[in-house]
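[1] Here's my sequence, what's the structure:
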Amino acid sequence: MAAKLKSAYELAMERLNRKDNEKGEEAPAVLSAAQKKKIAAVRKEYEAKLAEQEILYHAVQQEAAGDPDKLDRAGDDYRRDRDFTVSRREARLTAIREGKD
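    Got it, this is the predicted structure:
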């Protein structure tokens, strides 16, 4: 019987996996259904938080339209809050992936 032909995608994935094995890198962990649900929930939660921060930032921008100092402070605050929120999200996602959440 003839061997099943593989798609270009399957061949490329096999090559990448071989390269990873040669480098000693581990294959990505397979997530359980519960972990996938938690990850989706966390992403949705933080997407909402980031949207809220952006809305508040635009409101502050409109209030401070004539004051460059207030605009600078508002921009700095927004970037700091956004970076913090993104880092918290990534920490929670990492914990879920590692099974610590």
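[2] In terms of helices and strands, where is the residue nearest in space to the middle of the chain?
    Taking Cα atoms, centre = their mean, the centroid of the chain lies closest to residue 90, which sits 6.1 Å from it. Per DSSP states H and E, residue 90 falls inside helix 68-97.
[3] which helices and strands sit right next to that helix?
    Packing partners of helix 68-97 (3 or more Cβ pairs under 8 Å, 6 or more residues apart in numbering; DSSP states H and E): helix 33-63. For the C-beta atoms, the positions are set from N, CA and C on the backbone; glycine is no exception.
[4] Next, the buried residues of the helix it packs on.
    For helix 33-63, burial by neighbour count (16 or more other Cβ atoms under 10 Å) applies to 35, 38-39, 42, 46, 49, 53, 57, 60.
[5] and that helix with helix 68-97, angle?
    180 degrees (axes from the mean of the first three to the mean of the last three Cα atoms, to 10 degrees).
[6] quick one: low-confidence ranges for this protein?
    1-2, 25-28 (pLDDT under 70).
[7] What residues sit buried inside stretch 58-77?
    For stretch 58-77, by 16+ other Cβ under 10 Å, it's 60, 64, 74.
[8] For residue 15, state which of those residues is nearest.
    Residue 15 lies nearest to residue 74 out of those, by Cβ to Cβ, at 49.1 Å.
[9] what's the nearest residue to the closest one if we skip its chain neighbours?
    Leaving out its chain neighbours, the residue that sits closest to residue 74 by Cβ to Cβ, 6 or more residues apart in numbering is residue 60, at 4.4 Å.
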